[in-house]
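Student: Model the following, please.
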Amino acid sequence: MTGHGSDTCRKSGACKKEPVLDVMVYFGRLKGLSKAAARSWSESYLERVGIPEKAKTRLDKLSGGQQQKVQLGVTIMNNPELLILDEPTKGFDPVNRRLLMDIIDEHRRGGATVIMVTHQMEEVERLCDRVILLKDGVARAYGTVEEVQEEFGGTVYRVTYDGVLPESHLYDIISTSDGRAELAPGQGASEEKVLRELVETGVGLRPFTPARISLDEIFIKVYGEQNELAEA
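Tutor: Now for the predicted structure:
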């Protein structure tokens, strides 16, 4: 996570031996807030992220996730116009991930430009207007989320079914698990053709939902081959 305050904190190491609230107030003062305003904001923020009881605890006594929350607070406390975030929710459980995403999204909707490095593609789909996927220093995909999805296949069909899902020249089976599958239509295969094929082969369909290919699947397409070679 990048921000002037959090970088200074990591480089000097001195603030890690100070109480959390004192550290946040200190950086608030550096960012132009009065002592009272910085203290009030910091106390409210610690309450929101679920660690108000850590206000008087030394920063270096916090868990990694708690320190990450403090770093985010230091970064956003003066409502910057630009946020550069590196894996801001790495290691968090779903509840805390959602909480931090909500906070970041509030700043994005408030007009801040957010540049984020992450491997969590659902965060990209929710928070980002544009996405770039880099592999070996080369941009393999760049554009709006919708443009990238279209480049890598566009529409997929999400199916819940009974029985055996047959193979067909009309679609590729991207994934299947516990009676659910994601299908990529072949060239020229319309939704009606794919649906008719499944019905005529006796698959017991329940929902059959057209959707865009997920960024998770695109991520696997871009990086999967490299990961497989690394593990070989």
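Student: C-alpha only now, for contacts and for neighbours.
Tutor: Noted.
Student: The residue of the chain most remote from its centre: what's it in contact with?
Tutor: For the chain, the residue at maximal distance from the C-alpha centroid (C-alpha atoms, centre = their mean) is Glu200, at 39.7 Å. Contacts for Glu200 (C-alpha atoms under 8 Å, 6 or more residues apart in numbering) come out as none.
Student: Check it and give its pLDDT.
Tutor: Listed pLDDT for Glu200 reads 85.
Student: And for Asp162?
Tutor: 85.
Student: can you check Ala141 too?
Tutor: Looking at Ala141, the pLDDT reads 89.
Student: what do you get for the one 4 residues further on?
Tutor: Model confidence at Val145, expressed as pLDDT, equals 84.
Student: That one and Ile132 touch, don't they?
Tutor: No - contact criterion C-alpha atoms under 8 Å: Val145 and Ile132 do not qualify, at 9.2 Å.
Student: who has more neighbours, the two?
Tutor: Val145 (20 against 15; other C-alpha atoms under 10 Å).
Student: and the residue nearest the centre of the chain, what helix or strand is that in?
Tutor: The centroid of the chain falls nearest to Glu123 when counting by C-alpha atoms, centre = their mean (2.3 Å). Using DSSP states H and E, Glu123 falls within helix 121-127.
Student: Run me through the strand neighbours of the helix or strand just after that helix, direction for each.
Tutor: Downstream of helix 121-127, the first helix or strand assigned by DSSP H and E is strand 130-135. Strand pairing for strand 130-135, determined by DSSP bridges: strand 138-144 (antiparallel).
Student: buried residues in the partner strand?
Tutor: Neighbour-count burial for strand 138-144, counted by 16 or more other C-alpha atoms under 10 Å, picks out Ala141.
Student: who's in contact with it?
Tutor: With contacts defined as C-alpha under 8 Å, 6+ apart, strand 138-144 is touched by 129-134, 148, 222.
Student: So which elements touch the helix or strand containing Arg206?
Tutor: For Arg206, the enclosing helix or strand under DSSP H and E is strand 204-212. Strand 204-212 is packed against strand 155-162, helix 191-200, with contacts defined by 3 or more C-alpha pairs under 8 Å, 6 or more residues apart in numbering; DSSP states H and E.
Student: Direction included, what does it pair against?
Tutor: Going by DSSP bridges, the partners of strand 204-212 are strand 155-162 (antiparallel).
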